[in-house]
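Participant: Sequence unavailable; structure follows:
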């Protein structure tokens, strides 16, 4: 490490994916040599005393520099030359981030920053890791480079998170539609019947144009020359036209009905499979997705695919059969007319190839834009009370208008392209028909074909071009369906990082002992839990305490197996929970959250959510134990009263007691209480605490609470700090240690004293006011 003050020839910083701040660009231009390439940077906005300052970390292909502005104005830089073994580690605690430079033996330097710089720090760490991994490869291994910014991709599965090119989602291939066969396979018998009906109905519709030829040559032309009309012959040909039309109608109806039924069932199965798969994904997946986007995928995209299968694909298949049969008949009638008819095909095929990729990309953008519209709806409607409380109706309307405008722009781009393509295809078919007329008239004038043959051929050709025009329009709906299928299969292809074991271990009678062995857990590259060891005996109640961000809720999530650990194991009665079926394991866990979630339905249905087969007597007993029976009886319809969307018809304390009754009804061996009384008033807390006393009796209980007074009945307190257990023991013993728990207790005691003094002052003022009156 050396301190550096130097000037050198300039280097370009404009190639960076994110431009460097202007205040540093001039300095960088004069500091770095031309043969030194800047690969990443980040601004540090806190100094070692956590005061606001400005420092720049710059990574080049040769070194890492930390540069701070000195009072003289020239930056003072610390530099570390690139070598194997260097690494950057970042984490945050209580709103302050820490970035460490480490080697194999020690910590070389440490920076502090606010979380506003978190994205830039993450970008720098990722770029540093990629560069380190690339430099440690052997010279024979060549890393793939991002085509936009030149960053190595090999360490990142072919993606470049440092480059804006990643904002462009790969266009879906039309071939993805063939994956729908997985859902069509159960209906292959109906599909085969539908195809046979389609084939026969198309063949029946081919009879009418053919009968035009004998009807013209044997009836109309002789009649025009004054010869008598053969009524029997006319009846025969007209009867043939009627029968063929009737047959085509009947077969077409059967074909359309059967294939529509199949397509609807395929769409329903696709929706069900998507939702079922979604239910089995981990919480980590939902943490990175928007509710509106997932709703749009399962509703709008599956509807689009269903419409494609039931209507457009059916029309396309009919068009293909019609064109194939028409071409065969035309070649049989007159090969030269058939060849002339096919002249527009190469031009139409070229145009389809030209617009297909653009349509595909355009419809994918439309899908994402529409998801933004549904995202705004999914955010605003459930939060309408907050919107109105802060008078933000205009702001949310503007958000919706902006999302709707993006959707409009995306649709306009596709419509501009499609509005040119479709009329052009129609023009080509009209020109083709004109050429056929010219060639046909010449053929008749040379007596190569009869008038009836020409009229019959023209009837076939009219159908040929009509179907050809219809097929060209199929390009648009195909790309829409492909875009929708891609978004659906993005869900179906996602593998849960909390998988069910292939061969789950049978769960014996549960006693409720929980053991955590050397638990390590990370959110991305941020380590949240570090080497946690804890054993909870059956029937024991422990309280988890600590500052916000210390890892309490994460630890509970791991015990519930909402996430899997990076290292270590969680054991239930000596069995690794990863070897148990997830549903069997969670059936023994009761969860009471800080913000209880109630589904739209009756009070009884919400209490019985975890045990749908419970009797009314069991539901009432659980409500009594949760001290909810009295207020439920005061509702208009008692246990059959609707609670409203997310329980909005009830108070916070009432929702919490229904949540406790819901946990009581399943009679769990393990109970998780996550801030169950933190958001209610003192009187309501007493009622809830009585219900909790009934709930925890005889159960292994893990309770999280910021109010230490709510854990007075805990057998043991576990104090966490920065992802580690720092203290364990009873309240009095921990107070005597005068450690982390003592500091937490003293801080809360001071806060309570202030609140008590404030309340006493308010009471005194009220009393004085009353006496003066």
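Facilitator: Yep, that arrived. Computed from a prediction, not measured in an experiment: that's the story for all the values here.

Participant: so residue 45, which of the three states?
Facilitator: strand (DSSP: H, G, I helix; E, B strand; the rest coil).

Participant: Adjust the sequence numbering to begin at 283 for everything that follows.
Facilitator: Sounds good: first residue 283 from here, last item residue 327.

Participant: That one: neighbour count?
Facilitator: Counted with other CB atoms under 10 Å, the neighbours of residue 327 add up to 17. Just so you know, the C-beta spots here come from the backbone N, C-alpha and C atoms, and that holds for glycine as well.

Participant: cool, the one 10 residues further on as well?
Facilitator: By the criterion of other CB under 10 Å, residue 337 has 21 neighbours.

Participant: just the strands in the stretch 883-1032 of the chain please.
Facilitator: In the stretch 883-1032 of the chain, the strands defined using DSSP state E, counting those that start in this stretch lie at 952-956, 982-986, 998-1003, 1006-1011.

Participant: In space, what's closest to residue 911 - neighbours in sequence excluded?
Facilitator: Once flanking residues are discounted, residue 911 sits nearest to residue 905: 4.5 Å by CB to CB, 6 or more residues apart in numbering.

Participant: check contacts around that neighbour.
Facilitator: Residues near residue 905 by CB atoms under 8 Å, 6 or more residues apart in numbering: 889, 911, 914, 921, 939-940, 943.

Participant: And the residues you listed, which is the shakiest by pLDDT?
Facilitator: Here the lowest pLDDT out of these sits on residue 939, with 83.

Participant: if I pick that residue, what's in contact with it?
Facilitator: Shown in contact with residue 939 (CB under 8 Å, 6+ apart): 905, 908-910, 913, 969-970, 973.

Participant: try it again with 7 Å
Facilitator: Residue 939 sits next to 908-910, 970, 973 when contact means CB atoms under 7 Å, 6 or more residues apart in numbering.

Participant: okay but residue 836 is in contact with residue 803, surely?
Facilitator: Yes: applying CB atoms under 7 Å, one finds residue 836 in contact with residue 803, separated by 6.1 Å.

Participant: what is in contact with those two at once?
Facilitator: Any residue near both residue 836 and residue 803 by CB under 7 Å, 6+ apart counts here, and that gives 810-811.

Participant: from what I can see residue 1007 touches residue 812, true?
Facilitator: No: Residue 1007 is beyond contact range of residue 812, at 9.7 Å (criterion: CB under 7 Å).

Participant: Which strands and helices lie in contact with the strand or helix carrying residue 578?
Facilitator: Assigned by DSSP states H and E, residue 578 falls within helix 573-578. With contacts taken as 3 or more CB pairs under 7 Å, 6 or more residues apart in numbering; DSSP states H and E, helix 573-578 sits against helix 627-662.

Participant: What's the mean pLDDT across the helix it packs on?
Facilitator: 75.

Participant: got it, and stretch 723-740?
Facilitator: Here the average pLDDT along stretch 723-740 is 76.

Participant: first to last residue in that stretch, what's the distance?
Facilitator: End-to-end distance of stretch 723-740 (CA to CA, to the nearest Å): 11 Å.

Participant: Just the residues contacting stretch 603-611, thanks.
Facilitator: Stretch 603-611 is contacted from outside by 480-481, 484-485, 488, 492, 620, 742, 745-746, 749-750, using CB under 7 Å, 6+ apart.

Participant: so which of those residues comes closest to residue 853?
Facilitator: Among the contacts of stretch 603-611, residue 480 lies closest to residue 853 (CB to CB), at 60.0 Å.

Participant: just to revisit the earlier point, among the contacts of stretch 603-611, which pair sits farthest apart?
Facilitator: Greatest spatial distance among the contacts of stretch 603-611 (CB to CB): 480 and 620, at 23.3 Å.

Participant: tell me the centre residue of this structure?
Facilitator: The residue lying closest to the centre of the chain (CA atoms, centre = their mean) is residue 571, at 3.9 Å.

Participant: and that residue, which of the three is it?
Facilitator: At residue 571 the chain is in coil, as set by three-state DSSP.

Participant: any idea how far residue 660 is from it?
Facilitator: Separation of residue 571 from residue 660 (CB to CB, to the nearest Å): 11 Å.

Participant: go on, residue 470?
Facilitator: 38 Å.

Participant: circling back: mind putting the strands of the stretch 883-1032 of the chain in CSV, mean pLDDT, distance to residue 538 and mean neighbour count included?
Facilitator: Output for the strands of the stretch 883-1032 of the chain, formatted as CSV (pLDDT from 0 to 100; distance: least, CB to CB, whole Å; neighbours: other CB atoms under 10 Å):
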stretch, mean pLDDT, distance to residue 538, mean neighbour count
strand 952-956, 84, 55, 23
strand 982-986, 86, 59, 25
strand 998-1003, 88, 65, 22
strand 1006-1011, 88, 67, 17
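
Participant: right, and the ones you listed - which one's nearest residue 535?
Facilitator: strand 952-956 (58.8 Å).

Participant: Partner strands of that closest one, with direction?
Facilitator: Paired strands of strand 952-956, with direction, are strand 871-874 (parallel), strand 982-986 (parallel) (DSSP bridges).

Participant: Serialize those to CSV and add fields for distance to residue 578.
Facilitator: Shown next, in CSV, are the strands paired with strand 952-956 (distance: least, CB to CB, whole Å):
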stretch, distance to residue 578
strand 871-874, 29
strand 982-986, 35
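
Participant: Can you say which of those strands is nearest to residue 682?
Facilitator: Nearest to residue 682 among those is strand 871-874 (34.6 Å), distances taken as CB to CB.

Participant: And that closest one, how far out from the chain middle?
Facilitator: Distance of strand 871-874 from its chain centroid, counting by CA atoms, centre = their mean, to the nearest Å, is 27 Å.

Participant: For residue 372, find the nearest of the strands of the stretch 883-1032 of the chain.
Facilitator: Proximity to residue 372, assessed across those by CB to CB, is greatest for strand 1006-1011 (17.8 Å).

Participant: and the direction of that closest one versus that of strand 998-1003, what angle?
Facilitator: Strand 1006-1011 runs at 150 degrees relative to strand 998-1003, counting by axes from the mean of the first three to the mean of the last three CA atoms, to 10 degrees.

Participant: Sheet partners, orientation included, of strand 1006-1011?
Facilitator: If you go by DSSP bridges, strand 1006-1011 pairs up with strand 998-1003 (antiparallel).

Participant: what's the strand it pairs with in contact with?
Facilitator: Residues contacting strand 998-1003 (CB under 7 Å, 6+ apart): 816, 822, 824-829, 832-834, 993, 1007-1013, 1016, 1022-1023.

Participant: go with 6 Å
Facilitator: 824-828, 832-834, 1007-1010, 1022-1023 (CB atoms under 6 Å, 6 or more residues apart in numbering).

Participant: Can you report how many residues neighbour residue 339?
Facilitator: Burial of residue 339 is recorded as 24 neighbouring residues (other CB under 10 Å).

Participant: got a list of what it touches?
Facilitator: Residue 339 sits next to 324, 348 when contact means CB under 6 Å, 6+ apart.

Participant: Doesn't it lie inside a helix?
Facilitator: No: per three-state DSSP, residue 339 lies outside any helix segment and is strand.

Participant: Is it correct that residue 495 is in contact with residue 735?
Facilitator: Yes: under the criterion of CB atoms under 6 Å, residue 495 lies in contact with residue 735, with a separation of 5.5 Å.

Participant: Residue 831: how many residues sit nearby?
Facilitator: Per other CB under 10 Å, the neighbour tally for residue 831 reads 17.
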